[in-house]
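Chemist: 3D model of this:
(chains A and B)
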Amino acid sequence: METKFTFSDLLFENKRRKPQEFAEIAKELRRDIIKSLAMAKSGHTGGPLGLSDIFSVLFFGDVLRYKADDPKWDKRDKFVLSGGHLCPVLYSCLARAGYFPIEELSTLRKYGTRLQGHPGLDTELPGIETAAGSLGQGISIAAGMAMTHKLLDKTDQRVFSLTGDGELQEGSVWETAMSAAQYKLDNLCWIVDDNDCQIDGRVKDVMNIKPLDKKFEAFGFNVIECDGHDIDDIINAFDKFIANHESGSGKPTVIIAKTFMGRGVSFMEDLHTWHGNPPSFEQAEKALEELK
Amino acid sequence: MKKIEVSGKKPTRHGFGEGLVELGDKHDNVVVLGGDITGSVMTSYFKEKYPDRFFSIGIAEANATTIATGMALSGKIPFFSSYSAFAAFRNTDQLRISVCYNNANVKIGGGHSGITVGPDGATHQALEELSLLRAMPNMTLIVPCDFSETKKATIAVGEMYGPAYIRFGRSAVPMITNDDSPFEIGKANVLNEGDDIALVACGLLVYPALQAAEQLEKNHGIKARVINNHTIKPIDVETITKAAAECGCIVTAEEHQVYGGLGAAVAETVVKNAPVPMEFVGIKDTFGSSGEPEELQEIFGLNWQGIYASALKALDRKKPGNIAV
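Modeler: Sure thing, here's the model as predicted:
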C-alpha cells in the first residue's frame, strides 16, 4: 500500500515558552517522525520519539542560538548530532525552525534527498553541521568546535552534542571526555540519551556503561541529570549548563537525560525492537491517533 | 644522462616540521594537533613557535582526527601528525566519515613510514596506508622524495582545500631537489628524459630510480625516463599516459605494498589509456621486520638494484612477441 501523509505547515519560533507549548511542539515533532519514517519505509523510530521533548526545548526554547535564514551565521551555537541514526527528530526541528521546506520531510531516505538516512554535508541540507553515522565521532567533532570557539576564536559560542547511551560503548568517546576536561570546555554541552535500549536489547546486558554520573564526574565534568520527558526539568538542565558556561567554571557539562525509547506511542514505548524499524502504514495511523 | 646532484642527506620529517612553521607564519588559521610523539614527527617546531595554536591530544589518534574535523568545520586548517602506523589506521573510520565524507579541511602527516623506520619492526612499518586512503573520495595523497620537497608539499597541502595525507620517513635521505625545483600537487616531475623505459617512483625510491637509470645507460645504453610521482592521488594521468605511450614499458617503485599504492594507481592509468608491460617494486604482500634501514631496503629490493632488475624484466617483456609473458 502506498503510504502518503501530509505535514502541517507550522513553524516555531525559538523563544522562552510555557511548558505546555513545548509539549505541543514535541507532539508535532513526533507526528513528523512517524510520518516521515512510514513514508521512508526504513529508519529509526524509537530514539527520535524519545528525544522529542528535549529537542523541543533545545531548538524552540531559546537555548540553542541560531538563525534559520542564515544557517552559517558565524556567531551561532552549534548542534552536533553524534548518533546520526537519530536524525529524523533533527530534520523535523530544522524544518519547523524554517531551515528548509517542511514538505521535504517526506523525502527522508529516498534517492536524491537532502535528508540522507544518516546526515551528510554533501547534500547541503541547511542546519547540518557534520556527517554522522559511525558512533562516537560527532561528540569529538563537537569538542573540536568548542576548542575553536573558546581557545582560538575566543567567542561565547556554545556547542551542544547528543550521543546515545549505547554509543558510550565506543572507546573514542572517553578519549573525547578526557580532552573536554583537559581543555576546560565549559562551552560544551554533551547530552546523553539514557534510554537503556540498543538494537540487541538493554544496554546493561549488551555492555554495561553505568554508573554514568560517577564516570563523568571522575572525568571532570559538571554532571546534570534530568528527566528527559519533564519539560521543566529539561529547561532547568539547560539553564544549569548555561550558568556553568557563563560562570567560566572550566568544566564541560554532561546532561544525562533519562528517556524512554518510543515515548508518545504506547505500543512503541521502552521497546528496543523499535530502535531500527519504521512503522507500517497501519501502525503509523494508529500512532498518529495517539498523537492527536 | 646528466649527473645526479645530491646535496647531503636530511630526513623528510624535518621538511614537514619546517614547512609547518612556514605555513604558520603565513596563515593564522593553521593549527597543529599532537599525538605525544611531537619530537619525532617534528611538530615540536610549530609547538615551540606557536604554543597557542598547538594542541596536545595525547595517545588518541581517533579523537585527534575528529577534533581536527571540528576545528576544520569551524574555519581552521588543522594538521594532525603521528606515525603512519597510527595516523592512518587507528583513525581510519574517522578519516573516512568525518574527514573525507565531510570533505573537511584536515591534513594528516604520516611520519616514520615504511620499512626504513628500521629496528622498531613490523608493527611500526606502515606499508598499507596508501591503498587504504586512496580508496577514500576527496582525499589527496602526497609522498615527497626528500627534505625540500616535503617542506614544499607541506605548505602546498596547507594552501589547498580538502583532506590531505602527506607521508614522510624517519631516516636521512639524499637531497635531490632544492628550493627552485618545481612542485605542484598532482603534477609529476620528469627528472630524466628517456624513451626506452619509464621508472615511476615516489618518496624514498626516487633517488634509487635515478641511480638505476644511470646504470641502465652505462651498462646497456638504455635511456630511462625517471618520473618523480609525488602525488599518488590525484594521479597525473597525462604524464603517466605519455610515459607509457612513448617508453613502452614501466617500472614503479615505492616503499609500500604493491597492492593499491603508487604501482596500482599507475597501472590503472596505463591499462585504461596505453597498456604496456609493467613491473612493480615494492613490498610483496608481507610484513616488514627489524633491521637497519639500508639493510632492509636491500632485503626487500627497495634499492637501485631492485629497480634495475625489474627494469630489465620489463624491457624483455616489451620485446615483440614477449608481451603475453
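Chemist: In the stretch 151-292 of chain A, which residue sits nearest chain B?
Modeler: As assessed by Cβ to the nearest Cβ, chain B sits closest to A:E175 within the stretch 151-292 of chain A, at 3.6 Å. Placement of C-beta: from N, CA and C, glycine included.
Chemist: my guess is that residue contacts A:S140, does it?
Modeler: Yes. Here A:E175 reaches A:S140: they are 7.3 Å apart, a contact under Cβ atoms under 8 Å.
Chemist: which parts of chain B sit against chain A?
Modeler: With the criterion set to Cβ under 8 Å from any Cβ of the partner chain, chain B comes near chain A through B:31, B:52-53, B:55, B:57-58, B:60, B:62-63, B:66-76, B:78, B:93-94, B:96-98, B:101-103.
Chemist: who has more neighbours, A:E175 and A:S140?
Modeler: Per other Cβ atoms under 10 Å in any protein chain shown, whichever of A:E175 and A:S140 has more neighbours is A:S140, with 32 against 24.
Chemist: what about the more buried one, which helix or strand?
Modeler: A:S140 belongs to helix A:137-147 when elements are defined using DSSP states H and E.
Chemist: Next, the contact list for the closest residue to chain B within the stretch 101-250 of chain A, please.
Modeler: Proximity to chain B, evaluated over the stretch 101-250 of chain A using Cβ to the nearest Cβ, is greatest for A:G144 at 2.2 Å. Taking Cβ atoms under 8 Å, 6 or more residues apart in numbering or on different chains as the criterion, A:G144 is in contact with B:66-74, B:78.
Chemist: Common neighbours of A:E175 and A:S140, please.
Modeler: Common neighbours of A:E175 and A:S140, using Cβ under 8 Å, 6+ apart, are B:62-63.
Chemist: Could you grab the helix/strand/coil label for the residue nearest the centre of chain A?
Modeler: Geometric centre of chain A, nearest residue: A:L162, 5.3 Å, by Cα atoms, centre = their mean. State at A:L162, reduced to three classes by DSSP: H, G, I helix; E, B strand; the rest coil: strand.
Chemist: Skip the chain neighbours and tell me the closest residue to it.
Modeler: A:I191 (4.5 Å; Cβ to Cβ, 6 or more residues apart in numbering or on different chains).
Chemist: The one you found pairs with what?
Modeler: A:L162, A:I255 (DSSP bridges).
Chemist: burial measure for the closest residue to B:L262 other than its chain neighbours, as a count.
Modeler: The spatially closest residue to B:L262, leaving aside those adjacent along the chain, is B:E254, at 4.2 Å (Cβ to Cβ, 6+ apart). Using other Cβ under 10 Å, the number of residues around B:E254 comes to 30.
Chemist: B:E254 - that's part of a strand, no?
Modeler: Yes. Under three-state DSSP, B:E254 sits within a strand.
Chemist: quick one: contacts for it?
Modeler: Here B:E254 is in contact with B:130, B:143, B:201-203, B:205, B:261-263, B:281-282 (Cβ under 8 Å, 6+ apart).
Chemist: ok, it to chain A distance?
Modeler: 30 Å (Cβ to the nearest Cβ, to the nearest Å).
Chemist: Need the pLDDT of that residue.
Modeler: On pLDDT, B:E254 comes in at 98.
Chemist: B:V325 too?
Modeler: pLDDT, read off for B:V325, is 44.
Chemist: Then B:D120?
Modeler: B:D120 carries a pLDDT value of 96.
Chemist: pretty sure it contacts B:S290?
Modeler: Yes. Using Cβ under 8 Å, B:D120 is in contact with B:S290, at 7.2 Å.
Chemist: what about A:N277, which SS state?
Modeler: Recorded secondary structure, A:N277: coil (three-state DSSP).
Chemist: what sits against the nearest residue to it once chain neighbours are set aside?
Modeler: In space, and not counting its chain neighbours, A:N277 is closest to A:T45: 6.3 Å by Cβ to Cβ, 6+ apart. A:T45 sits next to A:33-34, A:37, A:88, A:262, A:268, A:274, A:277-279 when contact means Cβ under 8 Å, 6+ apart.
Chemist: Just the closest of the residues you listed to B:M160, please.
Modeler: Nearest to B:M160 among these is A:P88, at 36.3 Å by Cβ to Cβ.
Chemist: Could I get the pLDDT score of the closest one?
Modeler: On the pLDDT scale, A:P88 gets 98.
Chemist: Same check on the one 4 residues further on?
Modeler: Note on A:S92: pLDDT of 98.
Chemist: a helix runs through it, doesn't it?
Modeler: Yes. Counting by three-state DSSP, A:S92 falls inside a helix.
Chemist: now it: how far from A:L86?
Modeler: Between A:S92 and A:L86 the distance is 11 Å, computed by Cβ to Cβ, to the nearest Å.
Chemist: what do these two both touch?
Modeler: Common neighbours of A:S92 and A:L86 (Cβ under 8 Å, 6+ apart) are A:P48.
Chemist: between those two, which one's more packed in?
Modeler: Between A:S92 and A:L86, counted using other Cβ under 10 Å, A:S92 has the larger neighbour count: 28 against 25.
Chemist: And the closest residue to the more buried one other than its chain neighbours, how far from chain B?
Modeler: Leaving aside its chain neighbours, A:S92 sits nearest to A:D32 (3.9 Å; criterion: Cβ to Cβ, 6+ apart). Shown here: A:D32 relative to chain B, a distance of 26 Å by Cβ to the nearest Cβ.
Chemist: quick one: contacts for A:D32?
Modeler: A:D32 makes contacts with A:7, A:88, A:91-92, A:95-96, A:105, as judged by Cβ under 8 Å, 6+ apart.
Chemist: rewinding a little: where strands are concerned, which of the contacts of B:E254 count?
Modeler: Under the assignment DSSP state E, these contribute B:201, B:281-282 to strands.
Chemist: PyMOL command for the buried members of the residues you listed?
Modeler: Here is the PyMOL command that selects the buried residues among the ones in strands among the contacts of B:E254 (16 or more other Cβ atoms under 10 Å in any protein chain shown):
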select buried, chain B and resi 201+281+282
